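**Q** With the sequence up front, the predicted model follows.
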Amino acid sequence: MATVEETLLDWLRDAHAMEQQAEQMLSGMAQRIENYPQLKAQVERHIEETRAHANLVQQCIDRRGSSTSAVKDVAGKLTGLGQALSGLFVSDEIVKGALAGYSFEHMEIASYGILIAAAEEAGDMETKRVCEGILQQEKAMASWLEQHLPELTREFLRRDAAPGATAKH
């Protein structure tokens with residue numbers, strides 16, 4: 001049976017791997033966006049936030065006297081790469097990418113909510129504070145996507161219907 005502290009540390013390692021996955025997925029998407037400058041700018045901004053999140057989570061792990069999980073980090077990166085590359089095989093990559101991003105943001109939101117409760121239970125107020133800050137940025141990205149998905153969808157459909165226009169990315 002694990003202690004609260006051991007479980008928190010394990011979940012922090014999961015969060016670090018999750019941020020590695022997010023960075024890989026978002027970077028792959030950003031590299032291919034050509035015709036949706038507003039989305040590209042938002043994704044690139046969030047990539048920087050994501051890198052900062054990974055660093056903040058790593059600091060929480062370091063403060064607890066441990067290290068990240070190389071296995072989990074590599075698995076996260078590989079999964080993110082697979083997600084990024086999957087867009088190459090669909091004709092509506094931009095819409096599917098935005099949908100995947102929106103879904104992933106909500107997984108991150110739930111994960112940081114769990115980490116906040118676990119950190120509080122463990123008496124680790126610094127980790128709780130860090131996770132609360134990250135949570136706000138994840139919520140902001142999810143909200144941005146939610147607000148812009150209809151517009152992105154309409155723009156994709158118009159471009160897809162226009163002869164000679166590239167809609168995919």
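**A** Arrived safely, thanks for sending. Numbering: from 1, shown residues only.

**Q** distance of the residue nearest to the spatial centre of the chain from residue 100?
**A** Nearest to the mean C-alpha position of the chain, by Cα atoms, centre = their mean, lies residue 22 at 3.7 Å. If you measure residue 22 against residue 100 using Cβ to Cβ, to the nearest Å, the figure is 11 Å. The way it works is simple: take the backbone N, C-alpha and C, and place the C-beta from them, glycine included.

**Q** Need the three-state assignment for the residue with the largest distance to the centre of the chain.
**A** With distances taken from the mean C-alpha point of the chain and given as Cα atoms, centre = their mean, the most distant residue is residue 163, at 34.2 Å. Assigned state for residue 163: coil (three-state reduction, DSSP: H, G, I helix; E, B strand; the rest coil).

**Q** Beyond the lowest-mean-pLDDT helix or strand in the chain, next helix or strand please.
**A** The helix or strand of the chain with the lowest confidence, counting by mean pLDDT, DSSP states H and E, is helix 70-86 at a mean of 61. The element immediately downstream of helix 70-86 (helix or strand, assigned by DSSP states H and E) is helix 93-122.

**Q** For that following helix, buried residues please.
**A** Neighbour counts over helix 93-122 (16 or more other Cβ atoms under 10 Å) mark 93-98, 100-102, 104-105, 108-109, 111-112, 115-116, 118-119, 122 as buried.

**Q** So, low pLDDT: which residues of this protein?
**A** Residues of the chain meeting the criterion pLDDT under 70: 69-90, 167-168.
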